[in-house]
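K.L.:
Sequence and computational prediction follow.
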Amino acid sequence: MAIGYACLTIGVPGTELSRCTLKNASEVRLRELIIHNLTALEAMIDYNIKNNLMFFRISSDIIPFGSHPVNQLAWWKDYEDILYSIGRKIRESQMRVSMHPGQYTVLNSFDENVIENAVKDLLYHDRLLDSLGMDSKSKLVLHIGGVYGDKKKAGKEFVNNFKKLPNSIKNRLILENDDKNYTTQEVLEIAEQTKSPVVFDNLHNTLNPSLKSLDEMEWMIECGKTWRTEDGKQKIHCSQQGKGATPGSHSNTIWMNPFLEFYANVPAEADIMLEVKDKNLSAVKCRNTACYNANGMELEKEWAKYKYYVLSRSAALYSEIRQLLKDKKSPLAKEFYEKVETAMILSEDKGAEVNAAEHVWGYISKDSSTAEKNRFQKLISGYKNGDNSIVPVKKHLLKCAAIRKIDYLIESYYFYL
DNA sequence: TGACGTCAAGATCCG
DNA sequence: CGGATCTTGACGTCA
């Protein structure tokens, strides 16, 4: 059982991905981007190892235009060594990685060109995993695709096109229920014909329920039966509906208590991929509360990253959590994260924001230049009287912290939440 | 024709 | 001119 996150790492310098538009995709630019993104990927892998996050989805954007004719580079050869050394870290740590071509990779289209592009895109993803030296337990998640007015027929088209794929892709593909078209039940029927494992997605299953009425646990068991030894552990997607957002959009964080209820029904062996905006933050939180009760030392590490964020929401909560962590013998991971989540749902409090900003500024002010001082004062008073939001204040503080290489501040979630 | 989703690039605006 | 903020891009389907 591992809990993972997708594509991006928050609050870790050096993990930012870059890209370009089609018209700027020169060979030189593409090479720069590939080097940059592989370096970022390695930083994400390092972070995962250091933080014992052993399940991870690699972003499709690592190789820009990876399946587009504008990119004619033999990147898998030119960057073989970097790819291999990243892959070695993944294997030696026994991390499981996967990829997920997006909603625009449609294998069952009635348009020949779209199918052709989908196959190219699958080849790109497969090749990246191969280049890292991953085996077929490193999966490619795919949706069935469009309906085109006749779902049965479109499902058959998917199976037909699947059969034409190279074996290495067939062995990697796993099929996921989606939020609008193909239900868990329908995906299971298609997967039976392609002999593919099925990924259960809880939010999609809620938004687009099957005809047959099974509960979440029963569907997860049904999907579990499609996973063979050579596929590795069953994979499950977990996300929560963003409050006040359009149906299907992901929440800012995985709320702990609903997650724990969901987790109780997840088959013991399954790996859970979280789809959530705060990425690694939720993965750590869910791991620390669901898989085991994190000890005081681990919570102190988390607190170091959350503290200025919490302070920026509420000084009272800040004090409460500090008090909570003083008693390190009793189990308190859930209480800790419950309070952090309380901070997240508070509405903006200008007094608290100013207090936190000034607190952070305290680490910088001692050796700050006049220009830095003036800018901080200007932005803070601008925030107080409504000329600007807190965002530029935080940006300025982060910049000052980065210049001084104050890791303790740079890694604070205060700047990223 | 635009919404959908993603998130950095690119463009524009502002002092 | 630098920095903040707003808009575009690239993909395919569906209303």
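P.N.:
On my side now, so go ahead. Residues are numbered from 1 along each chain as shown, chains lettered A, B, ... in the order given.

K.L.:
Next to DNA strand B, which bits of the stretch 101-250 of chain A? Give me the list.
P.N.:
Of all the residues in the stretch 101-250 of chain A, those in contact range of DNA strand B (CB under 7 Å from any atom of the strand) are A:102-104, A:246, A:248-250. Every residue, glycine included, has its C-beta placed from N, CA and C.

K.L.:
Is it possible to mark the buried ones in the residues you listed?
P.N.:
A:248, A:250 (16 or more other CB atoms under 10 Å).

K.L.:
what's the lowest-pLDDT member of the residues of the stretch 101-250 of chain A next to DNA strand B?
P.N.:
Lowest pLDDT within those is found at A:T246 (85).

K.L.:
Quick check: of the residues of the stretch 101-250 of chain A next to DNA strand B, which lies closest to A:C7?
P.N.:
Each of those was checked against A:C7 using CB to CB; the closest is A:G102, at 10.6 Å.

K.L.:
Which phi and psi values does that closest one adopt?
P.N.:
Dihedral angles phi and psi of A:G102 (degrees, to the nearest 10) take the values phi -80, psi -170.

K.L.:
Spatially, and excluding backbone neighbours, which residue is closest to it.
P.N.:
Spatial nearest neighbour of A:G102, excluding adjacent residues (CB to CB, 6 or more residues apart in numbering): A:S60 at 6.6 Å.

K.L.:
measure stretch A:12-19 end to end?
P.N.:
19 Å (CA to CA, to the nearest Å).

K.L.:
That one vs DNA strand B: in contact?
P.N.:
Yes - figure legend: stretch A:12-19 in contact with DNA strand B (CB under 7 Å from any atom of the strand); contacting residues A:16-19.

K.L.:
Now do the strands in the stretch 1-150 of chain A.
P.N.:
Assigned by DSSP state E, counting those that start in this stretch, the strands in the stretch 1-150 of chain A fall at A:3-6, A:55-57, A:96-98, A:140-143.

K.L.:
Go through the ones you listed and name the closest to DNA strand C.
P.N.:
Comparing those against DNA strand C with CB to the nearest atom of the strand, the closest turns out to be strand A:140-143 (10.1 Å).

K.L.:
State the pLDDT value of the residue nearest to A:G102.
P.N.:
At A:S60 the predicted local confidence, pLDDT, stands at 95.

K.L.:
I'd like the distance from it to A:V147, if you could.
P.N.:
As defined by CB to CB, to the nearest Å, A:S60 lies at a distance of 24 Å from A:V147.

K.L.:
Show me what the worst-scoring helix or strand of chain A on mean pLDDT is packed against.
P.N.:
Counting by mean pLDDT, DSSP states H and E, the weakest-scoring helix or strand in chain A turns out to be helix A:370-384, with a mean of 88. Secondary structure elements in contact with helix A:370-384, counted by 3 or more CB pairs under 8 Å, 6 or more residues apart in numbering; DSSP states H and E, are helix A:350-365, helix A:391-403.

K.L.:
Okay, buried residues for the shortest one please.
P.N.:
When burial is assessed from 16+ other CB under 10 Å, helix A:391-403 yields the following buried residues: A:393-394, A:396-398, A:400-401.

K.L.:
Quick one: residues contacting A:E80.
P.N.:
Shown here is A:E80, whose contacts under the criterion CB atoms under 8 Å, 6 or more residues apart in numbering are A:S131.

K.L.:
Likewise for A:S131?
P.N.:
A:76, A:79-80, A:83-84, A:87.

K.L.:
can you tell me how far it sits from DNA strand C?
P.N.:
With distances taken as CB to the nearest atom of the strand, to the nearest Å, A:S131 is found 22 Å from DNA strand C.

K.L.:
quick one: that residue and A:V147, what's the gap?
P.N.:
35 Å.

K.L.:
Using a markdown table, please lay out the strands of the stretch 1-150 of chain A together with mean pLDDT and distance to A:I406.
P.N.:
Supplementary listing: the strands of the stretch 1-150 of chain A in a markdown table, determined by pLDDT from 0 to 100; distance: least, CB to CB, whole Å:
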| stretch | mean pLDDT | distance to A:I406 |
| --- | --- | --- |
| strand A:3-6 | 97 | 26 |
| strand A:55-57 | 97 | 28 |
| strand A:96-98 | 97 | 32 |
| strand A:140-143 | 97 | 39 |
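
K.L.:
Next, format the ones you listed as JSON lines and append distance to DNA strand C.
P.N.:
Rendered in JSON lines, the data for those read as follows (distance: least, CB to the nearest atom of the strand, whole Å):
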{"stretch": "strand A:3-6", "distance to DNA strand C": "16"}
{"stretch": "strand A:55-57", "distance to DNA strand C": "17"}
{"stretch": "strand A:96-98", "distance to DNA strand C": "20"}
{"stretch": "strand A:140-143", "distance to DNA strand C": "10"}
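
K.L.:
Reformat these as CSV; add mean neighbour count.
P.N.:
Supplementary listing: those in CSV, determined by neighbours: other CB atoms under 10 Å:
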stretch, mean neighbour count
strand A:3-6, 24
strand A:55-57, 23
strand A:96-98, 23
strand A:140-143, 24
